[in-house]
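Q: fold the stuff below for me.
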Amino acid sequence: MAPNQKTHRKPGIVVTRYDQERLSRLAESLAARNPKVSQDLLAELDRARIVQDGNIGADVVRMGSTLRFTSDLGQDRTVTLVFPGEADIAAGKVSVLTPIGAALIGLSAGQSIDWTARDGHVHRLTVEAVEAPAASSAAAAASVKLRPAS
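A: Numbering: from 1, shown residues only. Predicted coordinates:
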């Protein structure tokens, strides 16, 4: 008999129009080379409620947000959600193209989500706190043109 696994509905998420457009282009550019990552990110964006850039709460995870989360593995981590070229796990910068990064986008403090690690195991994380991106880094990100990953 299979172990009793509880399935959880995915929580509602909110994404800014600007992040939605940039992330959609990024996911589409990966479709041929990495269809799983592309599909995961597009699925998250498809279920998101899209809001104008100025109409998002400070406690919502968006690109450039620094957040603290806990997990069913006993982790208590503080990370910043970034684009792939900025990722540096040693510095706590997690790419939105990782399974955990795609799961984090759009969550609010207090929300939990199940995510599937690259090894196929399902884990649960809970966002404990979110710090909005700094205005200067958001402005810098807005001025950078999105380039396809090499």
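Q: how about residue 63: what's its closest non-neighbour residue?
A: residue 19 (5.1 Å; CB to CB, 6 or more residues apart in numbering). Every C-beta, even on glycine, is put in place using the N, C-alpha and C of the backbone.
Q: please report how far that neighbour lies from residue 10.
A: Residue 19 sits 18 Å away from residue 10, taking CB to CB, to the nearest Å as the criterion.
Q: again with residue 119
A: To residue 10, residue 119 is 21 Å away according to CB to CB.
Q: looking only at neighbour counts, state which of those two leads.
A: residue 10 (15 against 6; other CB atoms under 10 Å).
Q: how close does the residue lying closest to that one once chain neighbours are set aside get to residue 52?
A: Using CB to CB, 6+ apart and skipping the chain neighbours, the partner closest in space to residue 10 is residue 113 (6.1 Å). Distance, residue 113 to residue 52, by CB to CB: 24 Å.
Q: with neighbour numbers in mind, choose between those two.
A: The residue with more neighbours, out of residue 113 and residue 52, is residue 113; 21 against 9, by other CB under 10 Å.
Q: name the residues of the strand or helix carrying the more buried one that are buried.
A: Take DSSP states H and E as the rule and residue 113 turns out to sit in strand 112-116. Across strand 112-116, burial judged by 16 or more other CB atoms under 10 Å covers 112-115.
Q: now render those residues as TSV, adding pLDDT and distance to residue 64.
A: Output for the buried residues of strand 112-116, formatted as TSV (pLDDT from 0 to 100; distance: CB to CB, whole Å):
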residue	pLDDT	distance to residue 64
112	96	22
113	94	20
114	93	24
115	88	20
